[in-house]
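> Sharing a sequence plus its predicted fold:
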Amino acid sequence: MVEGHVTISNLEKVYESGGERTKAIDDLSLEVPSGEFLSVVGPSGCGKSTLLYLIAGFLDESAGTIAVDDVPIDGPGTDRGVVFQDYALFPWRTVMGNVTYGLEQKGVDKKERQDTAQKFINMMDLDGFEDKYPKELSGGMKQRVALARTLAYDPKILLMDEPFGALDQPLREALQDHLLDIWRDLEKTVIFITHDVEEAVYLSERVMIMTRHPGTKKTAVEIDVDRTQPREDIIMSDEYTAMKNDVWQSLREETKPQAQL
Amino acid sequence: MSYADFRLDGLEESVPEPVQRIAWFVFEWIPLAILVGVWELMSGTVVPSVVLPSPFEVGAAVWELLVTGDVLPHLQISLYRVGVGLALSIVVGVLLGVGMARSQPVENVFEVFLALIYPIPKAALVPLAILWLGVGTETAILIVFLACLLPIVLNSYNAAQDVDQNLIWSAQMMGMPSWKIPLKVVIPATFPSILTGIRQAIPIAFIALVSAELIASNEGVGFEILRYGEVGAYTLMFAVLVIISAAAFFAVRGYEWAERRLIRWT
Ligand SMILES: Nc1ncnc2c1ncn2[C@@H]1O[C@H](COP(=O)(O)OP(=O)(O)OP(=O)(O)O)[C@@H](O)[C@H]1O
Ligand SMILES: [Mg+2]
């Protein structure tokens, strides 16, 4: 697999609203090889969402470049798919209608897009709910629909902004393992934002820690664990605990001065 | 959602369904029963029955008007005017509201215009409308249209401004070109508020209709009210009033019913 690598160089983002300038991202450079699972943690307001939406092409950078497979991005594109924390499902479409949306835009014919959508609906254990509307689903189900919707049009890069933040612990863990299976099977590059150190370390091959506002890359910690083991074995191991502590320490240095104010 | 959905909240568990329905029915019609009761008491006592005929006489007159069919052509033309005026205001109002919310130039152009017509009672525009369109259907439609425009513009404007940015981004990331976003994302996302705007516009449409027909028409329900009033047939005048009120009431109820039945996703 050679596709889906992201190169960010000297990225800067300044928000301008009502004459006020807020620098959200300051000189951030980052390389995400194709197929990597990278998590991003950082203090609240440090610019994690901003970074993700810049990569998605929803926002324009103020300086620097973002390239996918060495081609600078120009706005949103179907090579990248975002999963939002608040799901952002189309309320006027059924589960099936939401999951087929991207394929519809691509001009895939009806039979084929329904078959593809069905595959992802089944993968997310949503079979039987095809004709339900988003308001008829629980939060966990909505997030699975959102994931199926994004996977269905097959973007190379998954961009996830605290997608499990609103869910309770058991559901979150189940979806984390689900996501890991998908990542292994479908060979996607994943950039995953979270404020949960445990989640970041459990899921990713590498965790980037951002500095406090205005955010830039502080450091990155490689998480080298054998992911074929069950969850309990992974999280009980000493290496895992040590790596988690590294991330936690580094993040704490960024949040501490603020807490003392 | 209508207020019917949360009346007598909390009774659901303890009271069986049929009893609840009867209770709802009774509660709903109590105010009307009181009104009719007071009306009956006043008529012929405090107020001479010539100018305030008893509700039972009026009821009989309603029946007579309907059975003889005298009122039906007028009702028909009035409903036509309400329907066309309302339909026009929905089309124009939604486009204007969504356009103003999503495009600064469109907002700049129409803001002043809307701010100007906002405080004017629409009935005050009738003489002007007669000047342009003459006495008749076009004038009534114009007045209904103008009166209904505001609730529909305001509701769709506010909702279109508040459309979840993530919905728009979701559509864009899946390959929807920007020029399709207003039609394919903003309007559907605004739909529940558009329906609320229409719901608010229906009674306003009937008010505007009658005020236009009282002055600028040779037919229609408003004209009938005026005509019966001028010849002193107050019972019939009241009867026509009751008929148009009932029509407005059932229009709103029918609309709410259809909304609940047809749109599952809101
Ligand atoms: N539309 C905007 N206009 C102006 N400033 C903004 C805008 N969006 C974000 N900001 C500012 O940019 C900074 C980074 O915001 P961002 O939402 O990216 O942070 P975050 O790391 O995702 O925070 P959280 O963990 O709380 O989600 C913050 O200081 C925020 O106030
Ligand atoms: Mg955020």
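Great, that's in hand. Ligands and ions are numbered 1, 2, ... in the order given.
> how near is the residue of the stretch 51-200 of chain B at minimum distance from ligand 1 to chain A?
As assessed by C-beta to the nearest ligand atom, ligand 1 sits closest to B:Gln165 within the stretch 51-200 of chain B, at 9.2 Å. Every residue, glycine included, has its C-beta placed from N, CA and C. With the distance defined as C-beta to the nearest C-beta, to the nearest Å, B:Gln165 ends up 8 Å from chain A.
> now that residue: how far from B:Ile143?
With distances taken as C-beta to C-beta, to the nearest Å, B:Gln165 is found 38 Å from B:Ile143.
> ok, those two, which is more surrounded?
B:Ile143 (30 against 12; other C-beta atoms under 10 Å in any protein chain shown).
> close to chain A, is the helix or strand harbouring the more buried one?
If you go by DSSP states H and E, B:Ile143 is part of helix B:137-161. No - where contact is defined by C-beta under 8 Å from any C-beta of the partner chain, no part of helix B:137-161 touches chain A; the two come within 12.5 Å at best.
> Could you list the low-pLDDT ranges of chain B?
For chain B, applying pLDDT under 70 flags the ranges B:1-13.
> quick one: contacts for the residue nearest the centre of it?
The centroid of chain B falls nearest to B:Ile202 when counting by C-alpha atoms, centre = their mean (1.3 Å). Applying C-beta atoms under 8 Å, 6 or more residues apart in numbering or on different chains to B:Ile202 gives the contacts B:86, B:248, B:251-252, B:255.
> run the last query once more with 6 Å
B:Ile202 makes contact with B:251-252, according to C-beta atoms under 6 Å, 6 or more residues apart in numbering or on different chains.
> Give me the next element, helix or strand, following the helix or strand harbouring it.
Secondary structure assigned from DSSP H and E places B:Ile202 in helix B:187-215. Going down the chain from helix B:187-215, the next helix or strand is helix B:221-230, by DSSP H and E.
> Only C-alpha atoms, please: export that following helix in PDB.
Only the C-alpha atoms of helix B:221-230 are listed here, as PDB (Å, rounded to 0.1, in the frame of the first residue of the first chain):
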ATOM      1  CA  VAL B 221     -66.200  35.200   2.200                       C
ATOM      2  CA  GLY B 222     -65.000  38.600   3.300                       C
ATOM      3  CA  PHE B 223     -67.400  40.200   0.800                       C
ATOM      4  CA  GLU B 224     -70.300  38.100   2.100                       C
ATOM      5  CA  ILE B 225     -69.600  39.300   5.600                       C
ATOM      6  CA  LEU B 226     -69.700  42.900   4.500                       C
ATOM      7  CA  ARG B 227     -72.800  42.400   2.300                       C
ATOM      8  CA  TYR B 228     -74.800  40.700   5.000                       C
ATOM      9  CA  GLY B 229     -73.700  43.400   7.500                       C
ATOM     10  CA  GLU B 230     -74.700  46.200   5.200                       C
END
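> quick one: contacts of that helix?
For helix B:221-230, using C-beta under 6 Å, 6+ apart, the contacting residues are B:74, B:78, B:210, B:213-214, B:217, B:236-237, B:240, B:244.
> Then stretch B:103-120?
Against stretch B:103-120 from outside (C-beta under 6 Å, 6+ apart): B:96, B:99-100.
> Just the buried ones among those, please.
Among the contacts of stretch B:103-120, those classed as buried by neighbour count (16 or more other C-beta atoms under 10 Å in any protein chain shown) are B:96, B:99-100.
> Can you flag which of those residues belong to helices?
Those of the buried ones among the contacts of stretch B:103-120 mapping onto helices are B:96, B:99-100, per DSSP state H.
> Pipe the residues you listed into CSV and attach distance to chain A per row.
Shown next, in CSV, are those (distance: C-beta to the nearest C-beta, whole Å):
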residue, distance to chain A
B:Leu96, 22
B:Gly99, 20
B:Met100, 20
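> Using TSV, lay out those residues together with distance to B:Ile187.
Formatted as TSV, those follow (distance: C-beta to C-beta, whole Å):
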residue	distance to B:Ile187
B:Leu96	13
B:Gly99	11
B:Met100	14
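> how close does whichever residue of the stretch 101-250 of chain A sits closest to ligand 1 sit to A:Pro43?
Closest contact between the stretch 101-250 of chain A and ligand 1, by C-beta to the nearest ligand atom, is at A:His213 (5.1 Å). A:His213 sits 7 Å away from A:Pro43, going by C-beta to C-beta.
> Between the two, which is the more surrounded one?
Neighbours were counted for A:His213 and for A:Pro43 using other C-beta under 10 Å; A:Pro43 has more, 23 against 18.
> Which of the three states applies to the more buried one?
Recorded secondary structure, A:Pro43: coil (DSSP: H, G, I helix; E, B strand; the rest coil).
> who are the neighbours in contact with it?
Under the criterion of C-beta under 6 Å, 6+ apart, the neighbours of A:Pro43 are A:212, A:254-255.
> could you redo the last one with a cut-off of 10 Å?
The contact partners of A:Pro43, taken as C-beta atoms under 10 Å, 6 or more residues apart in numbering or on different chains, are A:195, A:209-213, A:215, A:251-259.
> filter those residues to the buried ones?
Counted by 16+ other C-beta under 10 Å, the contacts of A:Pro43 give A:195, A:209-213, A:215, A:251, A:254 as buried.
> Okay, buried residues for the helix holding B:Ile143 please.
If you call a residue buried by 16+ other C-beta under 10 Å, then helix B:137-161 has these buried ones: B:137-157, B:159-160.
> now stretch A:121-130
With the criterion 16+ other C-beta under 10 Å, stretch A:121-130 contains buried residues A:121, A:123-124, A:126, A:129-130.
> helix or strand for A:Lys111, which one?
With DSSP H and E as criterion, A:Lys111 is part of helix A:110-123.
> Any residue of that helix touching chain B?
No - using C-beta under 10 Å from any C-beta of the partner chain, helix A:110-123 never reaches chain B; the gap is at least 11.9 Å.
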